[in-house]
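# only geometry, no sequence info:
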Ligand SMILES: Cc1cc2nc3c(=O)[nH]c(=O)nc-3n(C[C@H](O)[C@H](O)[C@H](O)COP(=O)(O)OP(=O)(O)OC[C@H]3O[C@@H](n4cnc5c(N)ncnc54)[C@H](O)[C@@H]3O)c2cc1C
């Protein structure tokens, strides 16, 4: 309801608002001298449009300008110019990270990668080359045509920034994390040089980007592995209500330790949400079974033996529609905060976590548009092994002997004014839970970048060896530390 109002106001002031004087817009003005048609200011249609590309309203800041390049050389010119002039700047792909200040800023330029729409499928070598401006439904559509699929996020409108953090996907169980299935990154470095990093060329940079986020450059192309899937697979969304909640954590635990380990063609995203408007819990759980058969395998059957409200699981030959189905309801424009910690899968603790978050959520039901979402998502030892096989990453997950669970906690409010108090309370909740997990001997140190809040210590969580490696790579490819000093987001600790 709030977004159309913003659009209407923005449209009314379009072209009516004077540009700020050059003294305040130096970095944007410098860039505008070179690319007059690609730099937009408040009131310009492109600026207004780019402002709407953020999932959380808290991430909509007031950059001086958006720069919307079309080709890598233009990104290179901009980055070199920003580095040489000490311009604080940001980089944005799909705008779905909820970390404030990561993909925008106050008073500087934002490089919006919106126009990088390359998606070239090489069905012989099983690679899709993807521009960072794509949303995942666009990549699914490109590869669906070949009955092939990359290890992507599961939601249609989410962007390629996912590929710099970790990446939970339909294909995790057989192929590992998304970052481990990137075979090459085209990167613009701080001095404007463009390199293609892979296992053979700049292997240290390639590895650093598998979890190192936006600390090394601007990625202008990802080459991703693609995998065959049968003509038909089973996929869909199952909606549950309160009746299923008593069973939910047992099913989720069994998925972590059984199906995800022993039946790798399965994928579920176990989640439930508490809706402040109805004061009820509900679940919209995505399913996929990457085999051609008419019904779910025995390992997933218990999920449809419990009471469900709506079930769209069907045979399908295309995965893009599933990504739209999953994304339905996740609109841009509300205040959102995501937080995450990692624990070892444990049946009793899973139940306790759900009970505690349910109690927390009920206390905030009075807030306009309140929603609390909770997911438990497995990372199995096999997935970690896959990462090692593919050249390794910097996440520090090596050595797990049993599945860990990425715990996701999201809170949402319609009004941004409610965000500070709600977000602080949610932070306290998650930190208390971390202490509880530690006391139970169930905490794993890893914090997944994709779902972390701005003040969670993601890179620290990768462990001292990986932090030291990331520092070395940063010094080598960005000797003046431009991406540490000038770009926001999760930085390498000192
Ligand atoms: C509805 C929803 C569904 C989600 N589903 C999944 C899922 O299925 N699996 C999963 O693992 N995660 C999922 N996520 C989390 C997601 O991985 C992160 O939010 C991710 O950062 C989104 O990328 P983006 O491009 O949309 O974000 P952005 O906010 O544009 O970018 C995130 C960060 O990456 C940086 N960045 C982005 N692109 C580049 C680039 N090319 N070069 C340098 N820096 C860059 C930005 O500066 C920013 O710091 C989901 C999130 C939401 C809101």
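Thanks, I have the structure now. Nothing here was measured: the structure is a model prediction, and the numbers come from that model. Residues are numbered from 1 along each chain as shown.

# okay, now residue 318: neighbour count?
Close neighbours of residue 318, defined as other CB atoms under 10 Å, add up to 16. For glycine as for every other residue, the C-beta is placed from the backbone atoms N, C-alpha and C.

# for the residue lying closest to residue 31 once chain neighbours are set aside, give me the pLDDT.
Of all residues not flanking residue 31 in the chain, residue 39 sits nearest, at 5.4 Å (CB to CB, 6 or more residues apart in numbering). Residue 39 carries a pLDDT score of 98 in this model.

# surely residue 39 and residue 33 touch.
No - using CB atoms under 8 Å, residue 39 is not in contact with residue 33, being 9.2 Å away.

# and these two? which has more neighbours close in?
residue 39 (25 against 10).

# what domains does the record give for this protein?
2-112, 119-229+462-483, 233-453 (automatic domain parsing).

# mean neighbour count, those domains: which tops it?
domain 119-229+462-483 (a mean of 21; mean count of other CB atoms under 10 Å).

# where's it relative to the chain centroid, distance-wise?
Offset of domain 119-229+462-483 from its chain centre (CA atoms, centre = their mean, to the nearest Å): 12 Å.

# please see if it touches the ligand.
Yes - judged by CB under 6 Å from any ligand atom, domain 119-229+462-483 and the ligand are in contact via 132, 153-155, 158-162, 164-165, 167-168, 213-214, 218-219.

# which of the helices or strands spans the residue of the stretch 251-400 of the chain found nearest the ligand?
For the stretch 251-400 of the chain, the residue closest to the ligand is residue 330, as judged by CB to the nearest ligand atom, at 3.9 Å. Here residue 330, judged by DSSP states H and E, is contained in no helix and no strand.

# regarding the nearest residue to it once chain neighbours are set aside, what is its secondary structure?
In space, and not counting its chain neighbours, residue 330 is closest to residue 155: 6.5 Å by CB to CB, 6+ apart. Following DSSP: H, G, I helix; E, B strand; the rest coil, the label given to residue 155 is coil.

# residue contacts, residue 155?
Residues near residue 155 by CB atoms under 8 Å, 6 or more residues apart in numbering: 96, 136, 323, 326, 327, 330.

# now the residues you listed as CSV including pLDDT and secondary structure?
Shown next, in CSV, are the contacts of residue 155 (pLDDT from 0 to 100; DSSP: H, G, I helix; E, B strand; the rest coil):
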residue, pLDDT, secondary structure
96, 98, coil
136, 98, helix
323, 97, helix
326, 95, helix
327, 94, helix
330, 91, coil
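
# which one of those residues is nearest residue 78?
Set against residue 78, the nearest of these by CB to CB is residue 96 (22.6 Å).

# how about the closest one, what does it touch?
55, 155, 157, 158, 159, 161, 162.

# got phi/psi on it?
Here the main-chain torsion angles of residue 96 (degrees, to the nearest 10) amount to phi -100, psi 0.

# go on, residue 433?
Here residue 433 shows phi and psi, under degrees, to the nearest 10, equal to phi -70, psi -40.
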